[in-house]
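Student: coordinates only, sequence not included:
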């Protein structure tokens, strides 16, 4: 029943003996849960690693769901006059496909990596607010389930993922789908906001001694920028969703054009969120491949400060380009010109990153492992998407392309080619860290190549059909619109559909690799890739308390510098291996801290999160459910505030030989 | 009347003095330990407590929330029928009085935080209750105002102006209500000694939130009521 572990040694994480924390009696209606096995150990956990894994598993579930929706869309468009979906179902399908992939796959998958690896990379024992971390996850899960419950309660949302009002108002979308969408995204927004606050505090406040901001691993840096984008973008979409909810459920007039409403209001609010959202999706992957490329090139990241500051620059400029999504809406020449130029400008920091990655590989001893292949794949595919992106920044060209499949091609190259490939790179790279075994490389390479061929077959032809004038979101095309010659849309729609299934097979290979082949894999060495950053300075998978001894950081790429010594003279660097990671970790274990206090698990995050969908159903169906949900929420908050600060004395293991009990008060 | 004013001023002067002493004590104390242990004894990289940093981040996020709602109101403030607009509805003296009440609640909140800093539980509780009562008074003013406007023909769905006005001010009202719940709950926990961690800091967090809500009201009051349409 150990909820804490106590290696021998001395020194203390939370050292002050006479700190302001004084023992208080708690009401303790419920003791803190103590299970370390079974479903309870997951449902009530506050361990950032378990929460990270739960984020990853649920994100993968929604990846499959969103993929199935995409499959139906492509089947419908494979031939002329498709009959698989009705127009109405088709609308729901593309709306929910995008919503699922953006909010329920890429964002939580990035959150999974951020949760798991930020504390490890900054040398912390957990995030700053472990219970809030659990709350974020459960709020996300309940929001996602609420959103998808619309499928069995009258149909999904059907207004496209940017849900332009007034098109999303009741007269044009009478089912409850949009209500589920607006409320569901408010709920998942709360998850993102709480998570963002938690991770920013973690990065700013929980760094190991010696880890200055410019010694932070690059993934942590990029994820850190993303949390700021979330912090300021989520409230804007929340306002938009809130207005839409009041419009639909309580007859407000924000989007009633007949009353004089401005149809651009929604567009502005949505895209002020929506454009930073693009970087929220892609920056974590940029961070991941900035970790992967140096490791498999056997070189430090080229121009680390440039990668950091270009990431931050993307974060800033990302706020000034939202109206490039609205060139066709009649903003006026001045606005269009300004946003057009700003959009071209944001290509610069992105280009800086591409150059940094390329120069990291330049002259390196390249090892093409699966993680590396996905990283290189990202550079290539994302650059293609970036180039078509620049063609959108030219407003006259964009007005021709708006709402055609060319746009669809563009954002799939940046989101699939940018974000998703990076996430897969991260999975292959960090898998041995998280689970103690590597994924099978042979299957991994098949996975990569089938996926990359599949994605180009799927999204490449969309450039052609788009430039031929096929609008996005049209549920059928007819034979006589297909045209002739090599660029007829009939051929290329079929190719795209075939590509979708190749892509699906590629994804399936990953699942086989992860779920079946993985079982027979040998235990991986501690340092399978000769890695460089701090998360590797512990066992695989890491112990609940992450590090036996809080590491003291001396350099960027700390683990590399502990393994290798520089024997070069002057500016010449020549590195000789002095120790292996096994030896280093053993040394850490020998000198482990005596008193390691970990926060106790808690019942309340999941209860509080559960209250939100109850209230949301109340908004749609009946008011008393809102009251019930609010009552649960308030009860949960009081339970949260008043629960015992820690587990009972009897719940702890007896102290290690010769030690004393290390039970302390959790102030979290 | 003048006695009350005199006493309040004296109180305020004392508080400023107390605070100066607190700061001094705190500095000396921090010197002993080599770092700021105001954070419940946890060492943090910035020397700023986790909770405080988190609260500031949350308030930063709230700025954009109110920013969105205020923008919506500013866009729609002139879109109303001719006979039910701000010119017919606003009762500036009344709203000024309730705004004054809310601003005074910020003062009493400061007194509560100062008392908590002195570990003076009695006065902490007292000033928190006064703050909650003043907040409640402001909310009743808002309810009264909404009722009057409604009687004068400004239903929620009446016009774009009506929808955006009620949403913005209602949203702020909900924030005040949440603040009152926080005040009462914190007061109860102080009374029963149920706060695990730094009591003064917990009160200070409630204070930060409360002041933020007040500052937002100053902006709303200026933009919505004072600037002529």
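Tutor: Sure thing, it's come through. Source: prediction; values computed, not measured. Numbering: from 1, shown residues only, chains lettered A, B, ... in the order given.
Student: Domains in chain B, by residue range?
Tutor: Using automatic domain parsing, the domain parsing of chain B gives B:1-34, B:48-226.
Student: Near chain B, which residues of the stretch 101-250 of chain A? Just list them.
Tutor: Residues of the stretch 101-250 of chain A found near chain B (CB under 8 Å from any CB of the partner chain) are A:128-129, A:193, A:196-198, A:200-201, A:204-207, A:211, A:231-232, A:234-236, A:238-240, A:242-243, A:246, A:250. Every residue, glycine included, has its C-beta placed from N, CA and C.
Student: which stretches of chain B aren't confidently modelled?
Tutor: For chain B, applying pLDDT under 70 flags the ranges B:1-5, B:8, B:12, B:15-42, B:229.
Student: Quick check: closest non-adjacent residue to residue A:435.
Tutor: Spatial nearest neighbour of residue A:435, chain neighbours left out: residue A:541 (6.1 Å); criterion: CB to CB, 6 or more residues apart in numbering or on different chains.
Student: Can you tell me the SS state at the one you found?
Tutor: What DSSP: H, G, I helix; E, B strand; the rest coil gives for residue A:541 is coil.
Student: Dihedrals phi and psi, it?
Tutor: Dihedral pair for residue A:541: phi -70, psi 160, per degrees, to the nearest 10.
Student: Which pLDDT value goes with it?
Tutor: Per-residue confidence (pLDDT) for residue A:541: 93.
Student: Count the neighbours of it for me.
Tutor: Using other CB atoms under 10 Å in any protein chain shown, residue A:541 has 15 neighbouring residues.
Student: same question, residue A:480
Tutor: Look at residue A:480: counted by other CB under 10 Å, it has 7 neighbours.
Student: Strands of the chain, start to end?
Tutor: Just so you know, I chose chain A. A:564-566, A:575-577 (DSSP state E).
Student: Over to chain B?
Tutor: Going by DSSP E, chain B shows no strands.
Student: So for chain B, the centremost residue is which one?
Tutor: Residue closest to the average C-alpha location in chain B (CA atoms, centre = their mean): residue B:210, at 2.7 Å.
Student: Surely it and residue B:110 touch.
Tutor: No: taking contacts as CB atoms under 8 Å, residue B:210 lies outside contact range of residue B:110: 9.6 Å.
Student: Contact partners for the residue nearest to residue A:435?
Tutor: Residue A:541 makes contacts with A:49, A:433, A:434, A:435, A:436, as judged by CB atoms under 8 Å, 6 or more residues apart in numbering or on different chains.
Student: State the distance from it to residue A:53.
Tutor: 9 Å (CB to CB, to the nearest Å).
Student: Could you tell me which residues touch both of these two?
Tutor: Taking CB under 8 Å, 6+ apart as the criterion, residue A:541 and residue A:53 both touch residue A:434.
Student: thinking again about what came up before, of all the contacts of residue A:541, which comes closest to chain B?
Tutor: residue A:49 (19.7 Å; CB to the nearest CB).
Student: And the pLDDT at the closest one?
Tutor: At residue A:49, pLDDT is 95.
Student: repeat for the one 5 residues further on
Tutor: Model confidence at residue A:54, given as pLDDT, is 97.
Student: quick one: it from residue A:146, how far?
Tutor: From residue A:54 to residue A:146 the distance is 17 Å (CB to CB).
Student: so what's the nearest residue to residue A:96 once chain neighbours are set aside up against?
Tutor: With CB to CB, 6+ apart as the criterion, residue A:96 has its nearest non-adjacent residue at 4.3 Å, and that residue is residue A:156. Counting by CB under 8 Å, 6+ apart, residue A:156 touches A:92, A:93, A:95, A:96, A:148, A:150, A:177, A:180, A:181.
Student: Next: residue B:63.
Tutor: The contact partners of residue B:63, by CB under 8 Å, 6+ apart, come to residue A:235.
Student: picking up where we left off before, could you export the contacts of residue A:156 as a markdown table, including neighbour count?
Tutor: Formatted as a markdown table, the contacts of residue A:156 follow (neighbours: other CB atoms under 10 Å in any protein chain shown):
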| residue | neighbour count |
| --- | --- |
| A:92 | 21 |
| A:93 | 22 |
| A:95 | 25 |
| A:96 | 26 |
| A:148 | 18 |
| A:150 | 23 |
| A:177 | 25 |
| A:180 | 25 |
| A:181 | 27 |
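Student: what's the closest of those to chain B?
Tutor: Nearest to chain B out of these is residue A:181 (CB to the nearest CB; 18.4 Å).
Student: so who does that closest one touch?
Tutor: By CB under 8 Å, 6+ apart, the neighbours of residue A:181 are A:95, A:99, A:147, A:150, A:156, A:157, A:159, A:163.
Student: Can you tell me which of the strands of chain A is most buried?
Tutor: Neighbour counts (mean count of other CB atoms under 10 Å in any protein chain shown) averaged over each of these peak at strand A:564-566, with a mean of 14.
Student: Nearest to chain B within the stretch 401-550 of chain A, name that residue for me.
Tutor: Closest point on the stretch 401-550 of chain A to chain B, by CB to the nearest CB, is residue A:550, at 10.1 Å.
Student: Leaving out chain neighbours, which residue sits closest to that residue?
Tutor: Leaving aside its chain neighbours, residue A:550 sits nearest to residue A:208 (5.7 Å; criterion: CB to CB, 6+ apart).
Student: ok, now residue B:171?
Tutor: residue B:69 is the one closest to residue B:171 (CB to CB, 6+ apart), at 5.8 Å.
Student: Residue B:116 versus the one you found, what's the distance?
Tutor: Per CB to CB, residue B:69 is found 32 Å from residue B:116.
Student: Tell me which residues touch residue A:54, please.
Tutor: Applying CB under 8 Å, 6+ apart, one finds that residue A:54 lies in contact with A:42, A:137, A:141.
Student: measure the second one to chain B for me?
Tutor: Right, the one you point to is residue A:137. 17 Å (CB to the nearest CB, to the nearest Å).
Student: Please apply the same query to the last one.
Tutor: When CB to the nearest CB is applied, the distance between residue A:141 and chain B equals 22 Å.
Student: now do the first one
Tutor: When CB to the nearest CB is the yardstick, residue A:42 and chain B sit 25 Å from each other.
Student: which non-adjacent residue is nearest that residue?
Tutor: Using CB to CB, 6+ apart, the nearest residue to residue A:42 is residue A:50, at 6.1 Å.
Student: Burial check on the one you found, number of neighbours?
Tutor: Using other CB under 10 Å, residue A:50 has 18 other residues around it.
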